[in-house]
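J.: Just a sequence and a predicted model for now, questions to come.
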Amino acid sequence: MTQLTRKHPSTNCPVCLGKRAQGDRAGLVSRLAIGRLLIGCFTLAGVATIFLPDRLLSAEPTPVPTAPSPAVKPETPAPVPAAKQILGQWLAKEPLEGDTVMFVFAPDGKAFILTGTSASGNAIASQFQYRLDAKPQPMHLDIVLIADVTVETLFEFTANGDLRLQMLGTRPGKPRPKALTDNATIFQKVSDETILPPGTELKQTSTPAK
């Protein structure tokens, strides 16, 4: 037996109109709820954007302060040995007994002393041997003139690099002075050359120093 579906003769059926009205209200309520939810989300996002600090919104990490690098101290140059520092040409800052005096210290214990001038006007040099001992203070200097004839004296280097040498009061065979005196002769290095200046006449001794 076939069941026939009864159709309403008119679209103005009160029952149908009531159901349609209920559906429209439900859809409206749903759309309003979704709209309020979206507004709330945007509002919260705006508040968060306004009140969150920039450092939290930034994707870059906060730099960590680093400790300052320790100051690098300049290296102190090693002291120059006295045996090397004495090499060169040393000129007395003041005449000694009216004469200009120059010492020339060369390697291997050889040295020259220049005093006075010859008849031709050239400086006169005498050769000798020397020994130094840098351990005592002031340091010891032995000037071997000829054979075993030795003058024992004292010397030091000043803060500005001059050579302070005790000459007055010294002679061969006399004991070494106990200390440098106020009248010690000051020599200034004028050259690192360890040879005689050009034009110097070398005085020959009867018994050369060993």
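T.: Received the coordinates, thanks.
J.: can I assume T170 is in contact with V151?
T.: Yes. Contact status for T170 versus V151: in contact at 5.4 Å, counting by CB atoms under 8 Å. Every residue, glycine included, has its C-beta placed from N, CA and C.
J.: Now do the SS call for K84.
T.: For K84, the reduced secondary structure class is helix; criterion used: DSSP: H, G, I helix; E, B strand; the rest coil.
J.: end-to-end on stretch 128-139?
T.: With CA to CA, to the nearest Å as the measure, the first residue of stretch 128-139 is 19 Å from its last.
J.: same question, stretch 157-165
T.: Distance across stretch 157-165, first residue to last, is 9 Å (CA to CA).
J.: and for the longest strand seen in the chain, what are the contacting residues?
T.: When the chain is scanned for its longest strand (criterion: DSSP state E), the result is strand 123-133. By CB atoms under 8 Å, 6 or more residues apart in numbering, the surrounding residues in contact with strand 123-133 are 82-83, 86, 102, 104-105, 109-118, 139-146, 155, 196-197, 199-203, 205, 208-210.
J.: same check, this time on stretch 78-94
T.: Outside stretch 78-94, the residues within contact range by CB under 8 Å, 6+ apart are 100-107, 132, 134, 139, 157, 162-163, 185-194, 197.
J.: please redo it, this time with the cut-off set to 7 Å
T.: Applying CB atoms under 7 Å, 6 or more residues apart in numbering, the external contacts of stretch 78-94 come out as 100-107, 132, 134, 139, 157, 163, 185-194.
J.: ok, back up a step: tell me which helix or strand comes right after the longest strand of the chain.
T.: Following strand 123-133 in sequence order, the next helix or strand is strand 139-146 (DSSP states H and E).
J.: buried residues in stretch 71-86?
T.: Residues of stretch 71-86 classed as buried by neighbour count (16 or more other CB atoms under 10 Å): A82, I86.
J.: Ends of that stretch, what's the gap?
T.: Stretch 71-86 has an end-to-end distance of 36 Å (CA to CA).
J.: Specify the beta-bridge partners of the nearest residue to E193 once chain neighbours are set aside.
T.: Ranked by CB to CB, 6 or more residues apart in numbering and with sequence neighbours excluded, the top spatial neighbour of E193 is Q89, at 5.8 Å. Counting by DSSP bridges, Q89 forms beta bridges with V104, S191.
J.: Please read off the pLDDT at Q89 from the model.
T.: In the predicted model, Q89 carries a pLDDT score of 98.
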